[in-house]
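> With the input below, show me the fold.
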Amino acid sequence: MLDVPATTRARFSPLQGIKVIDLSKVLAGPVCTQYLGDLGAEVIKVEPCNVGDDTRSWPPFVAGNGAVFLSANKNKRSLAIDLKADAGRKVLKRLIAQSDVFVESFRSGVTTRLSVDYAALAAIKPDLIYASISGFGRSGPLADAPGYDVMAQAFSGIMSITGEKGGAPARSAFSPLDQTTGIHAALGILAALRHRDRTGEGQFLEVSLFETALAFLGYTAQTFWATGRTPGRSGSGHESLCPYQAFQAADGHILIAVGNDKLWKAFCEAVGLNDICDDMRFATNAARVQNFDETVAHVSAAIAGKTVQDWISILTRGGVPHSPIHTVPEALAQPQAAERGMVVSCPHPIYGALNAVSMPVLFGDHDRSPRSAPPLLGEHSVEILRAAGLREDEISSLISEGIVTTLSQATAPPRSAALTA
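Numbering: from 1, shown residues only. Down below sits the predicted model:
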């Protein structure tokens, strides 16, 4: 564990002074802006009055908020405003004129209807970094199509290679395309900010779930081009390495990763397969891949006779890469996760302690715990408008007309002693 307590360590905040207006919702955009907030940016999450981000209402709920929302909205402030009203859009543009980055994930055509498309915003803020997130991109035959993570997994071919051999297509359960598209957006924004530092120019950048999916297929696509064979499902196995998958032990599964021929020799020595180690059918990885089923059969027979813990001890001594297959609670409770500071807690003014997963980049010994918990809907509406220069009577008018809502106008969820995201 790091020697300096998190409460006394300095924060790494290279984006301090950068203001982000976030009109995105669900997961890809919020993940992007959460990373920017992790790096010190001021992030204003602009949400519809009364309902907020869709994921606020996605179960499971913890004290009234959806767990997905809680996972992707730390280090932000919430402004609840009606953008269908002229006065609401006027306020938004006032905020944008004072900001550096704008992030949106609307369906095609919505930004134009709201007059927040890139051309409109660049006219009032020429050096604005504008990030547009969509399902399939803003051009092409699918530009107008809705896009969710599972749709992009299906359309891109990812579901055709996910699941057990001979089984049905399977969804990757943690929404990898949403989350990685958010990372791509953050990467693009950082590059655009660097470009602006050098040139003074703003930038329009796009990311999409579909393009993230195709990028994920990098070596799989290259394998297809090399062989002409359509990739299929292989469970936990790998089309280019063997043995490199989960095997059934006497009391559960264990993952074994023999990544080269040196490790194959060590593996055979450890598990008692010396009689086949130098057999020409198995001596090289290429031969083992060619004789995949036979290799797996030999390994399966050897592994079945001992427990997972037995094999962990044996393979550790033998220097063979392996892993138990943990549940999510087991992984979160690992000493390694604690040592690396990946599971943290931050205070919430209503709920109490909020558990969260840290940003997975450690800068020296800097503190990477959240600066603030995910906001309640409209929690910061008044302070955001004041900071933007609106007078008290203007703010009161917006609230009385229902164009802006505040936390005091909503029913706060009950306090919970512990909240897990």
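
> Just the endpoints, please. Distance across stretch 349-369?
Stretch 349-369 has an end-to-end distance of 16 Å (criterion: CA to CA, to the nearest Å).

> any idea what sits nearest Gln179, other than its immediate chain neighbours?
Residue nearest to Gln179 in three dimensions, not counting chain neighbours: Val31, with 5.3 Å by CB to CB, 6 or more residues apart in numbering. (C-beta placed from N, C-alpha, C; glycine too.)

> The one you found: how many residues sit nearby?
For Val31, the count of nearby residues is 24 (other CB atoms under 10 Å).

> Which helix or strand contains it?
Secondary structure assignment for Val31, by DSSP states H and E: helix 28-38.

> tell me which residues in whatever helix or strand comes next after that helix are buried?
Counting by DSSP H and E, the next helix or strand C-terminal to helix 28-38 is strand 42-47. Within strand 42-47, the residues that qualify as buried are Glu42, Val43, Ile44, Lys45, Val46, Glu47, counting by 16 or more other CB atoms under 10 Å.

> check contacts around the second one.
Just to be clear, that refers to Val43. Val20, Asp22, Thr33, Gln34, Leu36, Gly37, Asn75, Lys76, Arg77 (CB atoms under 8 Å, 6 or more residues apart in numbering).

> can you rerun that using 7 Å?
Val20, Asp22, Thr33, Leu36, Gly37, Asn75, Lys76 (CB atoms under 7 Å, 6 or more residues apart in numbering).

> ditto for the last one
For Glu47, the contacting residues are Asp53, Ser78, Ala80, Leu377, by CB under 7 Å, 6+ apart.

> do that again at 8 Å, thanks
Contacts of Glu47 by CB under 8 Å, 6+ apart are Lys25, Asp53, Ser78, Leu79, Ala80, Ile81, Leu377, Gly378.

> Name the member of those with the most neighbours.
Of these, with other CB under 10 Å as the count, Leu79 tops at 29 neighbours.

> Keeping just the C-alphas, turn the helix or strand in which it is found into PDB.
Element membership of Leu79, judged by DSSP H and E, is strand 77-81. Extracted as PDB, the C-alpha positions of strand 77-81 are listed here (Å, rounded to 0.1, in the frame of the first residue of the first chain):
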ATOM      1  CA  ARG A  77     -21.600  18.900 -10.900                       C
ATOM      2  CA  SER A  78     -25.300  18.700 -12.100                       C
ATOM      3  CA  LEU A  79     -27.300  21.500 -13.800                       C
ATOM      4  CA  ALA A  80     -30.900  20.500 -14.500                       C
ATOM      5  CA  ILE A  81     -32.200  22.700 -17.300                       C
END
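
> is it true that Cys346 lies in a helix?
No. Assigned with DSSP: H, G, I helix; E, B strand; the rest coil, Cys346 falls outside any helix and is strand.

> Name whatever forms a beta bridge with it.
Assessed by DSSP bridges, Cys346 has beta-bridge partners Leu354.

> Tell me where the stretch 301-421 of the chain has strands.
Using DSSP state E, counting those that start in this stretch, the strands of the stretch 301-421 of the chain run over 322-324, 343-348, 352-357, 404-405, 418-420.

> Quick one: list the elements packing against the strand holding Leu79.
strand 42-47, helix 86-97, helix 381-387, strand 404-405 (3 or more CB pairs under 8 Å, 6 or more residues apart in numbering; DSSP states H and E).

> could you dump the ones you listed to CSV with mean pLDDT and distance to Ala143?
Formatted as CSV, the helices and strands packed on strand 77-81 follow (pLDDT from 0 to 100; distance: least, CB to CB, whole Å):
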stretch, mean pLDDT, distance to Ala143
strand 42-47, 98, 24
helix 86-97, 98, 24
helix 381-387, 98, 33
strand 404-405, 97, 33
